[in-house]
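Student: compute the structure for the input listed below.
(2 chains)
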2 protein chains.
Amino acid sequence: MTDDTPAALPFPPVADVGEFGLIDRLEAILGDASKGEDVVVGMGDDAAVYRVGGAGSDGPSRVHVVTTDALVEGVHFDRTYVPLRALGWKAIAASVSDIAAMNARPLYATVALGLPNNLSVEGAEALYTGMAQACERYGLSIIGGDVTASARLMLSVTVVGHALEDEIVTRSGAQPGDLLCVTGDLGGAAAGLRVLMAGKDALEDDDDPLDLREFAAVVERQLMPQARLDRVETWADAGVRPTSLIDISDGLASEAHHLSQAGTVGLVLDGGLLPVHVQTALVAQRFEERAEAFVLYGGEDYELLFTMAESDAPKLAPDTYAVVGQVVEPDEGVVLRLPDGNRVPLQASGYKHY
Amino acid sequence: MTDDTPAALPFPPVADVGEFGLIDRLEAILGDASKGEDVVVGMGDDAAVYRVGGAGSDGPSRVHVVTTDALVEGVHFDRTYVPLRALGWKAIAASVSDIAAMNARPLYATVALGLPNNLSVEGAEALYTGMAQACERYGLSIIGGDVTASARLMLSVTVVGHALEDEIVTRSGAQPGDLLCVTGDLGGAAAGLRVLMAGKDALEDDDDPLDLREFAAVVERQLMPQARLDRVETWADAGVRPTSLIDISDGLASEAHHLSQAGTVGLVLDGGLLPVHVQTALVAQRFEERAEAFVLYGGEDYELLFTMAESDAPKLAPDTYAVVGQVVEPDEGVVLRLPDGNRVPLQASGYKHY
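Tutor: Prediction:
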């Protein structure tokens, strides 16, 4: 007998179930080990939330927010074109972004560093300097750390933040009719990565040198991304509380699906409204890529994707956000409205390590 | 000209300054980034401590305690003889031990996992199961996680714990005259590692098989160590507050030097009083090692090393601790008293990754 379907492996590798499948299994096995009476938000959001006591019995509870992210050499970065200071910055900024994505503010960080034996002490100090600069920028303190040897350079950053319980915004909570918005332009980090990869290739091709300075803005988006903690302040000052919120680390398409699933709503994204930096468009043109691919599937922009009641829109200055679509009934799914008015289902694919 | 001293490298590698040197440099570069008005204990202890508010204005502050530890394949463990469930257990237990070493209790954990592409899903689930079992044992919840691809298996665990501010015990605080004590026998984990390594070698030697069951107790000490959270309860019940405290993760000698430096005291360890499990002694005999080397330099026992006022000793049941020496004036340094009465300086060397 023959069979054209691929043979099932007796022990399927983790690559077959992917990051989200592995996290689902982790949640299932932890079961009660992931709950606690003071846990407000457990696994499955940008960060977990737990009560810490404090505030009066008549006021909202004070909560802490915690998130952990790891960056691994060869998976998340290539040391041939990522300066170590930028890497230190990015590790902190990416975790601060997760705190901002709960509408909270960062307080403390701990870092676990795996440093190859042959890394120079200068290199380690550059890494530390980038972390210190990001901590100063975002107002948090590194209070603990572990340093170990590792064949590949590795950084794992945990950030603890704070908020009042009623300030917390999760991935769920969007209502049909809400506006779908982003805090800035998209696809820049992916465009920057494309330039850096091309720059590496160009080193081996004397006839076609590449001047990275032409694309400095998107290279900076890739190397030293900004966490949009400023928008947490913007919303607080304006008295606006988003109805749902997530940071764009894996690409707009993937994050839109997370909001849709968590909130049990549909989302219509308007392809003509997606904000794109001029350099992102130029990179796409130069390297014959589609700018929409950078925007939808690129990842690492660390902008915030959020929904809010339409009545809140007038409270926000127009330069602090861009409307990119609308929340609809769940049976509509997640769709992209093309400039010609046609709607196409938006695939969830984002950046994947496996 | 010739010179017999080794040439200085223009860019010394991190291996030249080692784990503690790298942490010192990290603290120096972070500077103000490692401080905060609510930070009670920053870097340099088993865990950091910060106030979270709560408790009355007339009572002690509530504090949280946070620690991060990473385990990296090829550095901390060898998958050929460390079952994945044991590895998951150990990652949690090691961080809980750091919380116990502040006289605090664990609440929550976050985990960052780097899993090789070809790891089986079954293997990942075994890892998760070990973590869940340790969380159940020590009463904490895993509330956040990150899973990424990684060439080498990697686990980074952060644990947040709690205490009242006046319950916290740091590495400093020992006074000359205090008793130096441990919570259990030492060297067992190192003996267990020796057996596991011999077992691996024995696989290639049909004439000399090794029955691991002969040494089950020390193999368990190595594979599934216990955090001595039970002693935090013992001390609370007895109304005893150690004057200084550290967990034994790098070996007794190294930890004794940490207590000595942090507390600006000398320590006299009595070689005849160091508690050793009978199997640890048998392993030393069988493999022609010195049991004292396991005890002093072995590491990973995760017992607690502490000092207390001599007047507190009668409050504790004799089977909850062993006196191993005494705190003396700082100019006496850290010395080992041999059975013949002679004193020798105790070297700080412990387990090193670099």
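
Student: which stretches in chain A count as strands?
Tutor: A:39-41, A:48-51, A:62-72, A:105-115, A:141-149, A:154-164, A:179-182, A:244-247, A:266-270, A:304-308, A:322-328, A:334-337, A:343-345 (DSSP state E).

Student: need the ones you listed in TSV (columns: mean pLDDT).
Tutor: Shown next, in TSV, are the strands of chain A (pLDDT from 0 to 100):
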stretch	mean pLDDT
strand A:39-41	94
strand A:48-51	96
strand A:62-72	97
strand A:105-115	97
strand A:141-149	93
strand A:154-164	97
strand A:179-182	98
strand A:244-247	98
strand A:266-270	98
strand A:304-308	98
strand A:322-328	98
strand A:334-337	96
strand A:343-345	95
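
Student: in JSON lines, list those strands along with distance to residue B:111 and mean neighbour count.
Tutor: C-beta: built from backbone N, CA, C; applies to glycine. Formatted as JSON lines, those follow (distance: least, CB to CB, whole Å; neighbours: other CB atoms under 10 Å in any protein chain shown):
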{"stretch": "strand A:39-41", "distance to residue B:111": "15", "mean neighbour count": "18"}
{"stretch": "strand A:48-51", "distance to residue B:111": "12", "mean neighbour count": "22"}
{"stretch": "strand A:62-72", "distance to residue B:111": "7", "mean neighbour count": "25"}
{"stretch": "strand A:105-115", "distance to residue B:111": "11", "mean neighbour count": "26"}
{"stretch": "strand A:141-149", "distance to residue B:111": "14", "mean neighbour count": "24"}
{"stretch": "strand A:154-164", "distance to residue B:111": "9", "mean neighbour count": "27"}
{"stretch": "strand A:179-182", "distance to residue B:111": "30", "mean neighbour count": "22"}
{"stretch": "strand A:244-247", "distance to residue B:111": "20", "mean neighbour count": "26"}
{"stretch": "strand A:266-270", "distance to residue B:111": "31", "mean neighbour count": "20"}
{"stretch": "strand A:304-308", "distance to residue B:111": "25", "mean neighbour count": "27"}
{"stretch": "strand A:322-328", "distance to residue B:111": "33", "mean neighbour count": "21"}
{"stretch": "strand A:334-337", "distance to residue B:111": "30", "mean neighbour count": "20"}
{"stretch": "strand A:343-345", "distance to residue B:111": "34", "mean neighbour count": "11"}
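
Student: neighbouring contacts of the helix or strand of chain A with the lowest mean pLDDT?
Tutor: Least confident helix or strand, chain A: helix A:18-30 with a mean of 85, by mean pLDDT, DSSP states H and E. With CB atoms under 8 Å, 6 or more residues apart in numbering or on different chains as the test, helix A:18-30 has contacts from A:14, A:17, A:34, A:43-44, A:352-354, B:113, B:115, B:121, B:124-125, B:128-129, B:131-132, B:135, B:141-142, B:145, B:147-148.

Student: in that helix, which residues are buried?
Tutor: The neighbour-count check on helix A:18-30 (16 or more other CB atoms under 10 Å in any protein chain shown) flags A:19-23, A:25-27, A:29-30 as buried.

Student: now swap in stretch A:175-191 and tell me
Tutor: For stretch A:175-191, by 16+ other CB under 10 Å, it's A:178-191.

Student: now do that stretch: distance from first to last residue.
Tutor: Its first and final residues considered, stretch A:175-191 spans 33 Å by CA to CA, to the nearest Å.

Student: report the distance from that stretch to the chain centre.
Tutor: Chain-centre distance of stretch A:175-191: 12 Å, with CA atoms, centre = their mean, to the nearest Å.

Student: just stretch A:221-233 next, same as before
Tutor: 10 Å.

Student: my read: residue A:36 touches residue B:108, true?
Tutor: Yes. If you go by CB atoms under 8 Å, residue A:36 and residue B:108 touch, sitting 7.1 Å apart.

Student: returning to what we had before: pull the CA atoms of the least confident helix or strand of chain A into PDB?
Tutor: Listed next in PDB are the C-alpha coordinates belonging to helix A:18-30 (Å, rounded to 0.1, in the frame of the first residue of the first chain):
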ATOM      1  CA  GLY A  18       4.900  26.100  17.200                       C
ATOM      2  CA  GLU A  19       5.200  28.800  19.900                       C
ATOM      3  CA  PHE A  20       1.500  29.300  20.500                       C
ATOM      4  CA  GLY A  21       0.800  25.600  20.500                       C
ATOM      5  CA  LEU A  22       3.600  25.100  23.100                       C
ATOM      6  CA  ILE A  23       2.100  27.900  25.300                       C
ATOM      7  CA  ASP A  24      -1.300  26.400  25.100                       C
ATOM      8  CA  ARG A  25       0.100  23.000  26.300                       C
ATOM      9  CA  LEU A  26       2.000  24.800  29.000                       C
ATOM     10  CA  GLU A  27      -1.200  26.400  30.200                       C
ATOM     11  CA  ALA A  28      -3.100  23.100  30.100                       C
ATOM     12  CA  ILE A  29      -0.400  21.200  32.100                       C
ATOM     13  CA  LEU A  30       0.000  24.000  34.700                       C
END
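
Student: that concludes my questions; thank you for your assistance.
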